[in-house]
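Colleague: Provide a 3D model corresponding to the input given below.
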Amino acid sequence: MTKIVGYIKDSFDELVNKVSWPTWAELQNSSIVVAIATVIIALIIYFMDSIFSNLMKIFYSLFS
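Modeller: Numbers count the residues shown, from 1 in each chain. Here you go, the predicted model:
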């Protein structure tokens, strides 16, 4: 049991004193970058899906 308590105390100490947490401004900037990248990737996937769907419609219309 003492090993578990020691582990929790050491983990807490490391999180409080040794980890460098980002500032609020850095966190906001990173969130904006992630949001923009997510929108761009979603748009790329949407356009690729639309193009592929149209190509498949043309392909299937050739054989029906």
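Colleague: tell me which residue lies nearest the centroid of the chain.
Modeller: The chain has Val34 as the residue nearest its centroid, 6.9 Å off, counting by C-alpha atoms, centre = their mean.
Colleague: and that one, how close does it get to Ser53?
Modeller: Distance, Val34 to Ser53, using C-beta to C-beta, to the nearest Å: 28 Å. Bear in mind the C-beta positions are built from the backbone N, C-alpha and C, glycine included.
Colleague: what about the chain, any weak spots by pLDDT?
Modeller: Within the chain, no range satisfies pLDDT under 70.
Colleague: all the helices of this structure, residue numbers only.
Modeller: Taking DSSP state H, the helices of the chain run over residues 2-13, 24-62.
Colleague: can I get the shortest one in CSV, CA atoms only?
Modeller: If I follow you right, that is helix 2-13. Taking Å, rounded to 0.1, in the frame of the first residue of the first chain, the C-alpha atoms of helix 2-13 are listed here in CSV:
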residue,chain,number,x,y,z
THR,A,2,2.9,2.4,0.7
LYS,A,3,4.2,1.9,-2.8
ILE,A,4,0.8,3.0,-4.2
VAL,A,5,0.7,6.1,-2.0
GLY,A,6,4.3,6.9,-2.9
TYR,A,7,3.5,6.6,-6.6
ILE,A,8,0.5,8.9,-6.3
LYS,A,9,2.6,11.5,-4.3
ASP,A,10,5.4,11.4,-6.9
SER,A,11,3.0,11.6,-9.8
PHE,A,12,1.3,14.6,-8.2
ASP,A,13,4.7,16.3,-7.5
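Colleague: helices and strands around it, which ones?
Modeller: Using 3 or more C-beta pairs under 8 Å, 6 or more residues apart in numbering; DSSP states H and E as the contact test, no helix or strand touches helix 2-13.
Colleague: ok now it, how far from the chain's centre?
Modeller: 31 Å (C-alpha atoms, centre = their mean, to the nearest Å).
Colleague: just give me the neighbour total for Lys57.
Modeller: Residue neighbour count, defined by other C-beta atoms under 10 Å, stands at 9 for Lys57.
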